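In: compute the structure for the input listed below.
(one chain, ligands or ions: 2)
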Amino acid sequence: MTGIERLRDEVAAHLVRARERTTLLTGSVDDHDLVRQHSKLMSPLVWDLAHIGNQEELWLVRDVGGREPVRSDIDELYDAFKHARANRPELPLLGPAEARGYVGEVRDKVFDVLETSPLEGSRLVDGGFAFGMIVQHEQQHDETMLATHQLRVGPAVLDAPPPPRGAPVGPAEVLVPAGPFTMGTSTEAWALDNERPAHQAHTDAFFIDTTPVTNARYAEFVEDGGYADRRWWSEAGWAHVVKTPLVAPRFWERDGDRWYRTAFGTTAPLDPDQPVVHVCYHEAEAFARWAGRRLPTEVEWEKAARFDPATGRSRRWPWGDEDPTEAHANLGQRHLSPAPVGAYPAGVSALGVHQLIGDVWEWTSTDFHGYGGFEVFPYAEYSQVFFGPDYKVLRGGSFGSDRSAVRSTFRNWDYPIRRQIFAGFRCARDASPEESV
Ligand code: AVJ
Ligand code: FE
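Out: Ligands and ions are numbered 1, 2, ... in the order given. Predicted coordinates:
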């Protein structure tokens with residue numbers, strides 16, 4: 001097999017894997033659940049389905065393939081910038097059967113385009129990046145659809161084995177030395193525009209938590225009256241917690257003196273050792289202040305994840321340069337929850353930090369901006385239009401993120417009030433001069 005044939009097979013396998021997941025997420029509910037609005041924050045599942053097909057048609061069938069449109073009449077309906085999520089149920093969308101037919105027809109043409117695509121170079125028409133972008137796009141919407149499943153009310157329809165068991169992780173925090181490191185990437189083939197270019201970044205010495213903050217620890221904050229104590233909240237956070245009002249993470253419920261958590265239609269006692277999930281930025285920030293700590297910046301997070309003090313290099317992944325296996329991280333919806341802390345000793349970073357990839361997206365204190373030297377590619381609406389103070393950066397991916405759609409350089413972003421995403425956090429603190437040596 002030649003190099004190009006092997007590459008085509010790899011791309012095809014990624015496309016097939018993404019489509020199997022999409023099919024599971026849209027095929028496990030009935031047509032009524034596909035077209036209805038489970039939350040104003042989310043699209044109907046049937047919109048995500050046809051939007052996946054429409055983006056694939058735009059970039060791979062029309063642009064890379066130079067083929068005739070499959071359905072040019074529906075582009076406007078599936079343009080995320082034309083209609084807010086809350087209004088999508090009222091649109092004259094393709095019905096479930098029509099949407100399935102459409103995405104299937106697009107996919108057949110894409111396999112045809114792939115047969116002759118050179119898959120090299122960074123130009124869009126060469127296909128290499130374009131196929132990767134579309135694989136990631138489908139997986140990103142699959143994670144979004146998984147969040148819609150979490151918001152859906154009714155009996156469980158998804159099933160997965162429980163995550164691996166936790167284990168002791170040693171000291172609760174890790175010292176990251178002061179100095180420069182390489183942040184971002186210019187070489188990852190599928191890295192999106194906002195992850196580029198590779199550049200030197202600097203941090204002072206700081207401590208970062210060895211693991212994400214657990215349910216047990218977060219429950220202490222709740223039980224200490226943290227949600228009613230003005231001292232822990234920023235001005236915006238306090239306004240939000242009072243007005244909404246927030247009293248505990250989303251999907252937590254108290255019965256007597258025990259906490260329960262509902263996930264994907266199943267209610268069970270809260271696992272004390274799993275990372276807390278479904279908290280917004282304001283809650284993460286308030287917890288950190290209550291604990292006498294702070295959230296890490298995005299630069300600190302990436303240094304903790306990638307910097308190898310022995311070589312001075314930044315690794316591709318916390319554990320090294322090899323792509324993730326099941327032993328490294330809780331990714332890809334293999335489990336329907338984060339894994340208890342210590343469950344992935346093989347995934348530890350050079351500095352000794354656990355579970356940076358997978359389990360829960362981690363809020364950082366950094367606003368979403370382009371790096372120095374940022375260039376829009378291939379379209380401004382992927383990330384540039386979101387740059388500014390309205391969005392906070394999240395890092396590392398969740399149990400619902402696929403390995404094709406997350407990297408140590410990958411940057412997610414959302415409003416600081418959002419908590420339907422699979423987001424948690426870890427804390428950090430400055431190192432004093434005596435601690436830094
Ligand atoms: C990177 C997750 C914020 O879902 O809004 C999907 C990804 N962009 N379709 C989003 C995305 C276009 C994006 N996030
Ligand atoms: Fe999209």
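
In: only alpha carbons, please: show the helix or strand encompassing Asp142 as CSV.
Out: Using DSSP states H and E, Asp142 sits in helix 128-151. Only the C-alpha atoms of helix 128-151 are listed here, as CSV (Å, rounded to 0.1, in the frame of the first residue of the first chain):
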residue,chain,number,x,y,z
GLY,A,128,-5.7,17.2,3.7
PHE,A,129,-6.9,19.8,6.2
ALA,A,130,-10.4,20.0,4.7
PHE,A,131,-11.1,16.3,5.5
GLY,A,132,-9.7,16.7,9.0
MET,A,133,-11.8,19.8,9.6
ILE,A,134,-15.0,18.0,8.5
VAL,A,135,-14.2,14.9,10.7
GLN,A,136,-13.7,17.2,13.6
HIS,A,137,-16.8,19.2,12.8
GLU,A,138,-19.0,16.1,12.9
GLN,A,139,-17.4,15.0,16.2
GLN,A,140,-17.9,18.4,17.7
HIS,A,141,-21.6,18.3,16.8
ASP,A,142,-21.7,14.8,18.2
GLU,A,143,-20.5,16.1,21.5
THR,A,144,-23.1,18.9,21.3
MET,A,145,-25.7,16.2,20.6
LEU,A,146,-24.5,14.3,23.6
ALA,A,147,-25.1,17.4,25.7
THR,A,148,-28.6,17.5,24.2
HIS,A,149,-29.1,13.9,25.3
GLN,A,150,-28.1,14.9,28.8
LEU,A,151,-30.8,17.7,28.7
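
In: give the buried residues for that helix.
Out: Neighbour counts over helix 128-151 (16 or more other Cβ atoms under 10 Å) mark 128-150 as buried. Just so you know, the C-beta spots here come from the backbone N, C-alpha and C atoms, and that holds for glycine as well.

In: of the residues you listed, which are in range of ligand 1?
Out: Counting by Cβ under 6 Å from any ligand atom, 137, 140-141, 144 from the buried residues of helix 128-151 sit close to ligand 1.

In: how much space between the nearest residue to Arg315 once chain neighbours are set aside and Glu20?
Out: Spatial nearest neighbour of Arg315, chain neighbours left out: Arg306 (5.1 Å); criterion: Cβ to Cβ, 6 or more residues apart in numbering. As for Arg306, its distance to Glu20 is 31 Å (criterion: Cβ to Cβ, to the nearest Å).

In: look up phi and psi at the most centrally placed residue in the chain.
Out: Taking Cα atoms, centre = their mean, the centroid of the chain lies closest to Gly397, which sits 3.9 Å from it. Main-chain dihedrals, Gly397, degrees, to the nearest 10: phi 80, psi 170.

In: now Asn215
Out: The phi/psi pair for Asn215 (degrees, to the nearest 10) is phi -60, psi -40.

In: Asp271 is in contact with that one, correct?
Out: Yes: counting by Cβ atoms under 8 Å, Asn215 does reach Asp271; the two are 6.2 Å apart.

In: shared neighbours of these two, which are they?
Out: Arg261 (Cβ atoms under 8 Å, 6 or more residues apart in numbering).

In: what sits against Asp142?
Out: Contacts of Asp142 (Cβ under 8 Å, 6+ apart): 18, 21-22, 25, 333, 400, 402.

In: one more time with 7 Å, if that's ok
Out: The neighbourhood of Asp142, defined by Cβ atoms under 7 Å, 6 or more residues apart in numbering, consists of 18, 21-22, 25.

In: thanks a lot, catch you later.
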